[in-house]
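# pasting the sequence and the predicted coordinates here, then a few questions.
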Amino acid sequence: SQQGEEDPQALSIQEGENATMNCSYKTSINNLQWYRQNSGRGLVHLILIRSNEREKHSGRLRVTLDTSKKSSSLLITASRAADTASYFCATDARDSSYKLIFGSGTRLLVRP
Amino acid sequence: EPEVTQTPSHQVTQMGQEVILRCVPISNHLYFYWYRQILGQKVEFLVSFYNNEISEKSEIFDDQFSVERPDGSNFTLKIRSTKLEDSAMYFCASSEDPGANTEAFFGQGTRLTVV
């Protein structure tokens, strides 16, 4: 099994609705980071939540972390068509190089 | 806002040729990484670099790959003899101090196509 698996794999919502994406992981972590990727483009950092934090907000984004369940969620409120992208969680797995392990991502489509 | 820059944005090369992908990390960052993403797949870790040496490499990062920080600003990934399966988007990333939970920032990527 892989570290950092998101669900759903794909999500289609109407503009103005909220979008919730979930991420599960397997090992102990230092932090969990969420990234956004527009089709074929770079990875844009959205938010980092430390292992001792439970919730974090940034604008329309809300991230939760439950280390007992090894899971995180990303909520985008009042979605816009411009939020259409793939969203990835990535865990910093407490090893010496601080590499990130990425999940498979959720493809979000926000319909105007 | 500081950003990680990568060049070129696209590279097409013949199988067996050498390619060098270039990255300029954010200037005060100390940890550098290469990742790759094969079309439609996950982003995969290749190598991490700190204090002028490789700190970790994945199974993908075999003898055909090498990294270098030739000066104070550039960070390069060299693939010595490209194979068709090396076709992917390659991302460079940097982080100031991940031990202090700082974010990793990624470049826009280099799309490598091996023909």
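In hand now; what should we look at? Residues are numbered from 1 along each chain as shown, chains lettered A, B, ... in the order given.
# now residue B:106: how far from chain A?
4 Å (C-beta to the nearest C-beta, to the nearest Å). The C-beta positions use only the backbone N, C-alpha and C, and glycine is treated the same way.
# pLDDT wise, what is the closest residue to that residue other than its chain neighbours at?
Among residues not flanking residue B:106 along the chain, residue A:43 sits closest, at 4.0 Å (C-beta to C-beta, 6 or more residues apart in numbering or on different chains). What the model reports for residue A:43 is a pLDDT of 94.
# what residue ranges in chain A are flagged as low confidence?
Along chain A, the parts satisfying pLDDT under 70 run over A:1-4, A:95-96.
# before we move on, what about chain B?
Low-confidence segments of chain B (pLDDT under 70): none present.
# tell me where it has strands.
Per DSSP state E, chain B carries strands over the ranges B:5-7, B:10-13, B:19-24, B:31-37, B:43-50, B:53-57, B:65-68, B:75-79, B:88-95, B:104-106, B:110-114.
# neighbouring contacts of the fifth one?
The contact list for strand B:43-50, computed with C-beta atoms under 8 Å, 6 or more residues apart in numbering or on different chains, reads A:43, A:88, A:90, A:97-102, B:30-38, B:54-58, B:60-61, B:65, B:67, B:69, B:75, B:77, B:90-91.
# same thing with the fourth one?
In this structure, residues lying in contact with strand B:31-37 by C-beta under 8 Å, 6+ apart are A:97-100, A:102, B:21, B:23, B:25, B:43-50, B:55, B:60, B:67, B:69, B:75, B:77, B:88-98, B:104, B:106, B:109.
# helices or strands up against the helix or strand hosting residue A:65?
Assigned by DSSP states H and E, residue A:65 belongs to strand A:61-66. With contacts taken as 3 or more C-beta pairs under 8 Å, 6 or more residues apart in numbering or on different chains; DSSP states H and E, strand A:61-66 sits against strand A:31-37, strand A:43-50, strand A:55-58, strand A:71-76.
# any idea how far the spatially most central residue of chain B is from residue A:56?
Residue closest to the average C-alpha location in chain B (C-alpha atoms, centre = their mean): residue B:34, at 3.0 Å. Distance, residue B:34 to residue A:56, by C-beta to C-beta, to the nearest Å: 28 Å.
# around chain B, which positions in chain A sit nearby?
Neighbours of chain B within chain A, by C-beta under 8 Å from any C-beta of the partner chain: A:2, A:30-31, A:33, A:35, A:40-45, A:48, A:50, A:88, A:90, A:92, A:95-105.
# what's the burial count for the residue nearest to the residue nearest to the centre of chain B when sequence neighbours are not counted?
Computed as C-beta to C-beta, 6+ apart, the closest residue to residue B:34 that is not its neighbour in sequence is residue B:46, at 4.3 Å. By the criterion of other C-beta atoms under 10 Å in any protein chain shown, residue B:46 has 22 neighbours.
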